[in-house]
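Peer 1: pasted the sequence and its predicted model underneath.
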Amino acid sequence: MIAGLLFLAFAFFAVAQAATVRNGGQTAADAAALGAAEDDRRQFFDGFLDAVEAARGWQDWLAAGTPLTGDGCGAAAHFADRNRSDLLTCDPVTRDGDLGYRVGIETRFDTGRTFVPGADNRTAKATATAVLRPRCVADGPDDGTGDDGTEGGGSEENGTGTGGDSTGGGTGDGSDGSDDSDDSEGSDGNSAEEIRLRCDGEDLTIDPEHAGRDLKPSDLFSVVLVE
């Protein structure tokens, strides 16, 4: 009877070991998939900032709808390795329009020696899929190309400085594009319009001159596990 109880105890221990390995493998797969998608998120975020600085095309980056040629799978391998696992597969996928990665891993750790036949030194394999989801849409008529003529402060062609039909005068309303130092502040104020976004039901206003300082990738994009 005692021998039977001992066998049951070892069997339960072997099952617990196997469960631990399986759970560790799934954790490694989840981390690898999320790491790959987060690598894309950083690239989309950097592309958005560059487009904001250029005052055109930022909405395309905000939508995150075009596959990138980055190193998402390299990031997946890195996170798998950090969890003592090897990356077996890594494939770009699309789920409901969202870009992401599906990865497969195998653990380098195992169940060790057990008293259960066939259960010794068993590793675990696991898969996971993570996607990048845009959180924001443009809130307003801005088409992502910046302001329409005020860019650069005082265009010769459009006469954004008002009072553009003569240099004499500066009408005193602060919008003249002349060389008067009093008017330079108004010109600078029109160099870049604020970008208004709606993010998960909340308003977000971006100052293009400080976008890189005030924003972080998670403000614009979320990374989630699916399936």
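Peer 2: Sure thing, it's come through.
Peer 1: just checking, what packs against the longest helix anywhere in the chain?
Peer 2: Ordering each helix of the chain by length in residues (DSSP state H) puts helix 2-54 first. In this structure, helix 2-54 packs against helix 58-63, helix 72-82, strand 85-95, strand 98-107, strand 125-134, helix 211-214, helix 217-220, strand 221-226, with contacts taken as 3 or more Cβ pairs under 8 Å, 6 or more residues apart in numbering; DSSP states H and E. Backbone N, C-alpha and C define where each C-beta goes, glycine included.
Peer 1: please identify the deepest-packed of these.
Peer 2: Comparing the helices and strands packed on helix 2-54 by mean neighbour count (mean count of other Cβ atoms under 10 Å), strand 98-107 ranks first with a mean of 24.
Peer 1: excluding chain neighbours, give the residue nearest to residue 223 in space.
Peer 2: Among residues not flanking residue 223 along the chain, residue 37 sits closest, at 4.5 Å (Cβ to Cβ, 6 or more residues apart in numbering).
Peer 1: in the chain, which helix or strand is least confident?
Peer 2: Of all the helices and strands that make up the chain, helix 184-189 has the lowest average by mean pLDDT, DSSP states H and E, namely a mean of 41.
Peer 1: pairing partners for the helix or strand following it, with directions?
Peer 2: Proceeding N to C from helix 184-189, the next assigned helix or strand is strand 195-199, under DSSP states H and E. Sheet pairing of strand 195-199 (DSSP bridges) gives strand 136-138 (antiparallel), strand 202-206 (antiparallel).
Peer 1: wait, the residue nearest to residue 223 sits on residue 100?
Peer 2: Yes. Assessed by Cβ atoms under 8 Å, residue 37 is found in contact with residue 100 at 5.2 Å.
Peer 1: which residues are in contact with each of these two?
Peer 2: Listed as contacting both residue 37 and residue 100 by Cβ atoms under 8 Å, 6 or more residues apart in numbering are 130-132.
Peer 1: quick one: those as TSV, columns for pLDDT and distance to residue 89 too.
Peer 2: Shown next, in TSV, are the shared contacts of residue 37 and residue 100 (pLDDT from 0 to 100; distance: Cβ to Cβ, whole Å):
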residue	pLDDT	distance to residue 89
130	98	14
131	98	17
132	97	19
